[in-house]
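Chemist: Fold the following and give me the result.
(one chain, ligands or ions: 1)
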Amino acid sequence: MYHIPVFLESCIAGLNIQPNGLYVDVTFGGGGHSTAILQHLNEEGKLFAFDQDADALQNAIDDSRFTLIHQNFRYLKNFLKYYKIEKANGILADLGVSSYQFDQPEKGFSTRFESSLDMRMDQRNDKTAADIVNDYEWESLTRILRTYGELDNAAKIADIIVQQRPFSTTTAFLSALSPIAPRHREAKFAAQIFQALRIEVNDEINALKDLLTQSAEMLAVNGRLVVMSYHSLEDRLVKNFMKSGNFEGNIEKDFFGNPLVPFHCITRKPIVADEIEMEKNSRSRSVKLRIAEKI
Ligand SMILES: C[S@@+](CC[C@H](N)C(=O)[O-])C[C@H]1O[C@@H](n2cnc3c(N)ncnc32)[C@H](O)[C@@H]1O
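Modeler: Here you go, the predicted model:
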């Protein structure tokens with residue numbers, strides 16, 4: 001199984017699908033969400049999907065209404081324009097990596113396997129996790145570990161990295177850090193460090209900002225933006241952008257005091273997983289689903 005889709009029904013409901021509409025799934029993966037979207041479209045409907053990982057292309061759906069684009073979603077606007085698409089009726093993003101990607105040892109995302117320090121979702125990019133741990137300065141390592149990994153002892157981790165590098169494998173890297181791993185929380189500690197490196201390798205925060213900005217531009221009036229994030233930093237960007245149209249969450253007003261915002265928030269609070277959803281897919285444990293409608 002490539003990936004079990006998270007919140008499938010809520011995402012489909014959130015997209016409020018018009019059967020003859022045009023939809024974009026910017027994180028195709030195993031195609032679970034895309035398959036469900038196609039089931040709600042009639043013969044005039046269209047679905048475009050993006051994935052930057054070549055492995056996802058094997059899941060391409062054989063359907064004349066479907067187009068899969070092997071690109072980063074930060075180029076959403078360019079590629080939709082290339083296909084002569086002016087507006088979309090809905091855009092879905094299920095951020096981060098798939099279970100398949102975690103389970104491929106050679107990709108280096110998982111702390112469970114010995115592998116090279118890679119962590120690229122897109123093999124066409126040059127920068128790997130090894131480049132970060134072996135070349136970045138202490139200050140940058142500390143910032144990445146603190147911000148993307150939410151690690152309190154980021155400075156201490158960066159100290160050890162700088163003292164003991166170079167590293168070439170995931171296991172050598174983790175064993176150098178094991179002396180400072182909090183007792184009984186070793187697995188979480190390792191996962192947070194890997195998460196931080198993965199976000200930096202794939203420039204995930206800037207890609208998300210680009211996606212959100214372009215979504216506001218590419219959505220038709222009443223079009224829906226549905227985003228699932230798995231990290232508080234991502235969720236804050238999504239929340240602020242849906243509320244205000246900027247990443248700081250500052251609502252600007254016109255001369256008459258009317259708020260100038262691109263979206264109406266459908267979810268005031270994010271939808272989070274209940275026991276049933278968590279049982280279906282353990283990945284849903286940290287998900288936050290937010291839905292907004294273009295004004
Ligand atoms: C969580 S999985 C999506 C799973 C999918 N919803 C399903 O039902 O199978 C995320 C997918 O998005 C891709 N991805 C993540 N960030 C991306 C980006 N910036 N551009 C394009 N694809 C991206 C990953 O390669 C991965 O295949």
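
Chemist: Contacts only, for the residue most central in space within the chain.
Modeler: Centrality entry for the chain: nearest residue to the mean C-alpha point is Leu95, 2.0 Å, by Cα atoms, centre = their mean. By Cβ atoms under 8 Å, 6 or more residues apart in numbering, Leu95 lies in contact with Thr27, Glu204, Leu208, Val227, Met228, Ser229, Tyr230, His231, Glu234. (Glycine included, C-beta is placed from N, CA and C.)

Chemist: so which of those comes closest to the ligand?
Modeler: Within the contacts of Leu95, the smallest distance to the ligand is 3.2 Å, found for Thr27 (Cβ to the nearest ligand atom).

Chemist: Any idea how many residues pack against the closest one?
Modeler: 23 (other Cβ atoms under 10 Å).

Chemist: go on, Gln71?
Modeler: For Gln71, the count of nearby residues is 17 (other Cβ under 10 Å).

Chemist: For the ligand, see how far away it is.
Modeler: As judged by Cβ to the nearest ligand atom, to the nearest Å, Gln71 and the ligand stand 7 Å apart.

Chemist: next one: Gly90
Modeler: Going from Gly90 to the ligand by Cβ to the nearest ligand atom gives 14 Å.

Chemist: do the same with Val26
Modeler: Noted for Val26: a distance of 6 Å to the ligand, by Cβ to the nearest ligand atom.

Chemist: Surely that residue touches Arg74?
Modeler: No: Val26 lies out of contact with Arg74 (Cβ atoms under 8 Å); the separation is 9.4 Å.

Chemist: Next, see if the lowest-mean-pLDDT helix or strand in the chain gets close to the ligand.
Modeler: None of the helices or strands of the chain scores lower by mean pLDDT, DSSP states H and E than helix 275-280, at a mean of 88. No: judged by Cβ under 6 Å from any ligand atom, helix 275-280 stays clear of the ligand, getting no closer than 12.3 Å.

Chemist: helices and strands around that helix, which ones?
Modeler: Counting contacts by 3 or more Cβ pairs under 8 Å, 6 or more residues apart in numbering; DSSP states H and E, helix 275-280 packs against no other helix or strand.

Chemist: What residues does the stretch 101-250 of the chain have near the ligand?
Modeler: Met121, Ala207.

Chemist: Check the contact lists of Val26 and Arg74 and give me the overlap.
Modeler: Common neighbours of Val26 and Arg74, counting by Cβ under 8 Å, 6+ apart, are Leu211.

Chemist: for the residue nearest to Ser244 when sequence neighbours are not counted, phi and psi?
Modeler: Distance criterion Cβ to Cβ, 6 or more residues apart in numbering; nearest residue to Ser244, sequence neighbours excluded, is Ile251 at 4.7 Å. The phi/psi pair for Ile251 (degrees, to the nearest 10) reads phi -80, psi 120.
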